[in-house]
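Colleague: my questions concern the predicted model and sequence given below.
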Amino acid sequence: MRLKETYLNAAVLLGLLAVPLFALVTDEPFTITLVTRAVILALAAVGLNIALGIGGLVSFGHAVFFGLGGYAMGILAHHAQTYTAMDFGAFSIAGTKVMPVIWVVAVTLCALVALLIGLLSLRTSGVYFIMITLAFGQMFFYFAISWAQYGGEDGLSIYVRNDFPGLNTLVPIQYFGICFVLLALALLLFHRLQNAPFGLALNAARQTAARVETVGLTPMHLKLVAFVISGVITGLAGALFADLNRFVSPSMFSWQLSGELIVLIIIGGVGRLMGPVIGACVFVALEHLLGGLTVYWHIYLGLILLSIVLFARGGVIGLLTGKEGAHV
């Protein structure tokens, strides 16, 4: 069964790469952009899957990091395109349109915020943890709405996509390549963490915290590290998503987005390497194919989710390989 899942994972990754290459040959740039959107959402869900799939942390506030990454990009690019600096009284910081620099700022900010949120929320568990993360998400959502300097509830538009050294990011296939490489690296990190002593200890803390404590490990510390890593990856996805759309808005902080990331993981398979990727592809495909037919396309997504929860606890991967996913 493990070999079967390995082959499935390879097929999914190759398929994700083949579709935009075929679209490039057939001159279908919109399809490339559509797959890029799926790749970015998959990256965000991979981040959450570290906390949820390995650590059992059901976070309804992961949109905080997605939004922070997006606003880090938006604010830096906004000041770069308006030739103004961010004034902090004693000092000021100029904007930038260089993607790697923006990513460093985004992941650093997300790491600090994830550390703070984790220190407070991980003192609780179960429904209380869910509600605290949800509360943080709503706090950031309403703050973004009231932040008139950067568009408030109307959001902030960026006129030109940011730059990556040696590439033309306005060419869809090149921007897809950047996102695909980052997703592949995140998947590699997830795989290494899941099979490393840290991942095994984190999984044990999810199942029986008391036994982990008896061998001298602190479950909260394990979960905090996982939560921070999770937030960093999701924040990077937020920066890529904002660059893809050249637009940021408070909706990036919404609890609905946090819920959608959880849905992506459940559809593909909780704790499975390619679970978030399959879930993101299914979500984007339904959104594209059914969204043009009816505004109620989420009903079909709900039916798929309901069927998986009732009859395929391991998600699509579990259904195809005959194995259940992680129990959260």
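Modeller: Nice, thanks for sending it over.

Colleague: hey, let's count contacts and neighbours off CA atoms from now on
Modeller: Noted.

Colleague: what is the neighbour count of the closest residue to L119 other than its chain neighbours?
Modeller: Leaving aside its sequence neighbours, L119 sits nearest to L224 (C-alpha to C-alpha, 6 or more residues apart in numbering; 7.0 Å). Here the number of neighbours of L224 (other C-alpha atoms under 10 Å) works out to 21.

Colleague: the helix or strand hosting L224 - contacts with which helices or strands?
Modeller: Secondary structure from DSSP states H and E places L224 in helix 219-245. Helices and strands touching helix 219-245, by 3 or more C-alpha pairs under 8 Å, 6 or more residues apart in numbering; DSSP states H and E, are helix 29-49, helix 63-81, helix 99-121, helix 197-207, helix 209-214.

Colleague: elements contacting the fourth one?
Modeller: By that I understand helix 197-207. helix 209-214, helix 219-245.

Colleague: so which bits of that helix are buried?
Modeller: Across helix 197-207, burial judged by 16 or more other C-alpha atoms under 10 Å covers 199, 201-206.

Colleague: what comes into contact with that helix?
Modeller: If you take C-alpha atoms under 8 Å, 6 or more residues apart in numbering as the criterion, helix 197-207 is touched by 54-56, 193-194, 211-212, 219, 222-223.

Colleague: for it, the distance to its chain's centre please.
Modeller: Chain-centre distance of helix 197-207: 22 Å, with C-alpha atoms, centre = their mean, to the nearest Å.

Colleague: and it, average pLDDT?
Modeller: Mean per-residue pLDDT for helix 197-207: 90.

Colleague: and for stretch 273-288?
Modeller: 92.

Colleague: for that stretch, C-alpha coordinates in CSV please.
Modeller: In CSV, the C-alpha atoms belonging to stretch 273-288 read as follows (Å, rounded to 0.1, in the frame of the first residue of the first chain):
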residue,chain,number,x,y,z
LEU,A,273,1.9,14.1,1.5
MET,A,274,-0.2,15.0,-1.6
GLY,A,275,-3.5,15.5,0.3
PRO,A,276,-3.4,19.3,0.0
VAL,A,277,-2.4,19.1,-3.6
ILE,A,278,-5.3,16.9,-4.6
GLY,A,279,-7.7,18.9,-2.5
ALA,A,280,-6.5,22.2,-4.1
CYS,A,281,-6.9,20.7,-7.6
VAL,A,282,-10.4,19.5,-6.9
PHE,A,283,-11.4,22.8,-5.3
VAL,A,284,-10.1,24.9,-8.2
ALA,A,285,-11.6,22.6,-10.8
LEU,A,286,-15.0,22.7,-9.1
GLU,A,287,-14.7,26.5,-8.8
HIS,A,288,-13.9,26.9,-12.5
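
Colleague: could I get the buried residue list for that stretch?
Modeller: Result for stretch 273-288 [16+ other C-alpha under 10 Å]: buried residues 273-284, 286-287.

Colleague: equivalent analysis for stretch 16-24, please.
Modeller: Neighbour-count burial for stretch 16-24 [16+ other C-alpha under 10 Å]: 16-17, 20-21, 23-24.

Colleague: closest one to N245 out of those, please.
Modeller: P20 (17.8 Å; C-alpha to C-alpha).

Colleague: distance check, the closest one against L289.
Modeller: For P20, the distance to L289 equals 17 Å [C-alpha to C-alpha, to the nearest Å].

Colleague: cool, R206 as well?
Modeller: From R206 over to L289 (counting by C-alpha to C-alpha), the distance is 38 Å.

Colleague: do Q149 as well
Modeller: Distance from Q149 to L289, by C-alpha to C-alpha: 37 Å.

Colleague: ok, back up a step: out of the helices and strands packed on helix 197-207, which one sits most buried?
Modeller: Of all these, helix 219-245 has the most neighbours on average by mean count of other C-alpha atoms under 10 Å, namely a mean of 25.

Colleague: what pairs with the next helix or strand after that helix, parallel or antiparallel?
Modeller: Downstream of helix 219-245, the first helix or strand assigned by DSSP H and E is strand 247-248. Sheet pairing of strand 247-248 (DSSP bridges) gives strand 156-157 (antiparallel).
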